[in-house]
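1. heads up, no residue letters with this:
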């Protein structure tokens, strides 16, 4: 199961109460105050873990609730602090926050089917990065804090503060240098498997790929790049048709869009029309995406009719970079790797 967006309930622990207590010993019948402080409530954190690739863990338990701090006790004993709760998320997780301020509001909002006004809270991209979603409540003070020369038997103490609560929306946007964009069965999964060590599911039917797959492509000179296989788009994807918005969000982090076109028209499609539709869908989803650097991979060049279609395609798009390949046969992959290295290849630290 692949989960790339989910709403979660967050509640930090309440602070424990300070207590009123006095020394009661055999030879000190009227001892001074010794009420201890309450412990602090537990925090709620998100931590970026590169070994986590989606938000599936929150699907089964969509909440992060920290323990309350313990109450103080006699002999100035400090209450136990609540344990911090850590939720692990993949790199590329965007966090949005709802306006809920109390646990009651948060629970009502979490159960609501209505839309929630969300604000961008954080964008988590680096392994080990931490985000404090909710700070635990502060423990109260015991009565020994209130002793003085004029008040040797204080009854005063303070209660722990309530830990904040909220509803957060987590959205994963896969981080990759380049994204393969194309219609179902254009050969994107075969291509990413041929370029890298990734093993995406490949089949001759639409929507074989149901999750974005990221492969690492190695180049000479200790360079590499990451390529994301985005599940196939269809016309109307910007209106959430087909897989629609479920995966278009993953394109927004890429530096290069690679339009993979079935140049043979093996499913009775027109390659020129395919590219025009794909470009339109990208623009309708997000106009900024249409401004991204892009190139074209003419796939399935081993099939009949591909050469004739490629000639017409070059005439229609004379200024665009077009790399003819056969992902299935492995032809043209070296030229594609060289182009990728020049555009998005990153030098590795030795």
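-> Looks like it came in fine. Bear in mind that the values here come from a model prediction, so they are computed numbers and not experimental data.
2. where exactly do the helices run in the stretch 101-250 of the chain?
-> Ranges of helices within the stretch 101-250 of the chain are 103-111, 188-195, 245-248, based on DSSP state H, counting those that start in this stretch.
3. Report the mean confidence score over the first one.
-> Put plainly, it is helix 103-111. Averaged over helix 103-111, pLDDT sits at 60.
4. One more: stretch 123-130?
-> Mean predicted lDDT for stretch 123-130 stands at 92.
5. What is the end-to-end distance of that stretch?
-> Start to finish, the residues bounding stretch 123-130 are 11 Å apart (Cα to Cα, to the nearest Å).
6. And stretch 180-194, by the same measure?
-> Stretch 180-194 has its terminal residues 13 Å apart, counting by Cα to Cα.
7. Low-confidence bits of the protein, can you list those?
-> 1, 100-117, 197-211, 232-247, 347-350 (pLDDT under 70).
8. Just give the number of residues close to the nearest residue to residue 38 once chain neighbours are set aside.
-> With Cβ to Cβ, 6 or more residues apart in numbering as the criterion, residue 38 has its nearest non-adjacent residue at 2.9 Å, and that residue is residue 16. C-beta here means a position set from N, CA and C on the backbone, and glycine is covered the same way. If you count neighbours by other Cβ atoms under 10 Å, residue 16 ends up with 29.
9. Angles on the backbone of residue 16, please.
-> Per-residue torsions, residue 16: phi -70, psi 160 (degrees, to the nearest 10).
10. you'd agree it is up against residue 72?
-> Yes: in terms of Cβ atoms under 8 Å, residue 16 counts as a neighbour of residue 72; the distance is 6.6 Å.
11. what is in contact with these two at once?
-> 37-39, 79, 139-140 (Cβ atoms under 8 Å, 6 or more residues apart in numbering).
12. Give the bridge partners for the residue nearest the centre of the chain, please.
-> Most central in the chain under Cα atoms, centre = their mean is residue 93, positioned 2.1 Å from the mean C-alpha point. Here residue 93 sits in beta bridges with residue 124, residue 172, going by DSSP bridges.
13. quick one, strands of the stretch 101-250 of the chain?
-> Ranges of strands in the stretch 101-250 of the chain, per DSSP state E, counting those that start in this stretch, are 119-124, 130-134, 165-172, 178-181, 213-219, 223-229.
14. Deepest-packed of those, please.
-> strand 178-181 (a mean of 27; mean count of other Cβ atoms under 10 Å).
15. helices and strands around the helix ranked longest in the chain, which ones?
-> In the chain, taking DSSP state H as the definition, the longest helix is helix 271-285. Contacts defined by 3 or more Cβ pairs under 8 Å, 6 or more residues apart in numbering; DSSP states H and E place helix 271-285 against strand 256-262, helix 306-316.
16. what sits against the residue nearest to residue 38?
-> Taking Cβ under 8 Å, 6+ apart as the criterion, residue 16 is in contact with 37-41, 68-72, 79-80, 139-140, 160.
17. with those in mind, which one is nearest to residue 23?
-> residue 72 (14.8 Å; Cβ to Cβ).
18. separation between the closest one and residue 31?
-> 17 Å (Cβ to Cβ, to the nearest Å).
19. So which of those two has more stuff around it?
-> The neighbour comparison of residue 72 against residue 31 (other Cβ under 10 Å) goes to residue 72, with 30 against 14.
20. Nearest residue to that one in space, please, no chain neighbours.
-> Closest to residue 72 by Cβ to Cβ, 6+ apart is residue 36, at 3.2 Å.
21. what about the one you found, neighbour count?
-> For residue 36, the neighbour count with other Cβ under 10 Å is 27.
22. Does it touch residue 20 like I think?
-> No: applying Cβ under 8 Å, one finds residue 36 not in contact with residue 20, separated by 10.3 Å.
23. Which residues are in contact with each of these two?
-> residue 142.
24. quick revisit: looking at the strands of the stretch 101-250 of the chain, which is closest to residue 3?
-> Taking those one by one with Cβ to Cβ, strand 165-172 is closest: 8.0 Å.
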